Structure formats: structure tokens, C-alpha cells
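Trainee: pasting the sequence and the predicted model now:
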Amino acid sequence: MEIASISFEWKEELVNPLFKTYRVVCTIKTKENVTVTGSTTAKIESVKLSRDIIDVLELECSEMAEDRALKQADEMLFYATGERCYERKRRHRED
């Protein structure tokens, strides 16, 4: 499936002194004019650490959230068209 664009949108849901919660929405648009979305929740904890460590933790959390949203949108694309924008790695059982 040829992809025209993949975009991510972060929507702030909850903010308190301990953590921030976001809804991460991934939108996949194909060249065949099919649009699907997937979403997930990202929770970024606010802890008293150095600014550098917090920046690394936030980046790691955001990458994982975008990956989960992309995978969900890709599943929706598969249900709609029978094709995915990327091939999932197959898990093989060791015999």
C-alpha cells in the first residue's frame, strides 16, 4: 500500500503535578485516497530529576506512543483495504 502521508497529533487530556496525559492520534493517508486513524494514550510523569533526564524520558515516551498509534492506524488500514503500510515482523516459535 503506497502511503501519501502519515501525521501525528498530540492532544493534551490531563495535567497535574504528577503527570501529563495526552491522546496521540496517528492519521495515515494512502495514494488510493484511503484515510485511517489510530490513537493511544501517552502518560509523561513529572519527577524531580535533572532537565536532561526528563527530556530523554519524554522523548522515549513520545516515540513509543507514536509507534503504538501508528500500529493501530496500520491495523485499521489492513481491515479497510487488506494491506498494511509496513509488514509486521512475524514471531516464530522455536521448536
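Mentor: Ah, there it is. Numbers count the residues shown, from 1 in each chain.
Trainee: could you pull out the helices in this structure for me?
Mentor: For the chain, helices defined by DSSP state H occupy the ranges 51-81.
Trainee: any low-confidence regions in it?
Mentor: For the chain, the stretches with pLDDT under 70 are 1, 46-61, 86-95.
Trainee: one more time with 90
Mentor: The model of the chain has pLDDT under 90 over residues 1-3, 6, 8, 10-24, 30-32, 34, 37-95.
Trainee: now the residue nearest the centre of the chain: how far from Glu13?
Mentor: The residue lying closest to the centre of the chain (CA atoms, centre = their mean) is Glu66, at 2.3 Å. From Glu66 over to Glu13 the distance is 16 Å, taken as CB to CB, to the nearest Å. Heads up, the C-betas are built off the backbone N, CA and C, glycines and all.
Trainee: quick one: contacts for the closest residue in space to Trp10 that isn't next to it in sequence?
Mentor: The shortest distance from Trp10 to any non-neighbouring residue, by CB to CB, 6 or more residues apart in numbering, is to Tyr22 (5.0 Å). By CB atoms under 8 Å, 6 or more residues apart in numbering, the contact set of Tyr22 is Trp10, Lys11, Glu12, Glu13, Thr41, Ala42, Lys43, Ile44, Ala65.
Trainee: contacts only, for the closest residue to the last one other than its chain neighbours.
Mentor: Among residues not flanking Ala65 along the chain, Ala42 sits closest, at 3.5 Å (CB to CB, 6+ apart). For Ala42, the set of contacting residues under the criterion of CB under 8 Å, 6+ apart consists of Trp10, Thr21, Tyr22, Arg23, Val24, Cys61, Ser62, Met64, Ala65.
Trainee: may I see those arranged in CSV, with distance to Ala80 as well?
Mentor: Compiled in CSV, the contacts of Ala42 are given as follows (distance: CB to CB, whole Å):
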residue, distance to Ala80
Trp10, 24
Thr21, 29
Tyr22, 26
Arg23, 21
Val24, 20
Cys61, 29
Ser62, 27
Met64, 25
Ala65, 23
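Trainee: show me which of these are buried.
Mentor: Burial by neighbour count, 16 or more other CB atoms under 10 Å: within these this picks out Tyr22, Arg23, Val24, Cys61, Ser62, Ala65.
Trainee: that'll do, ta.
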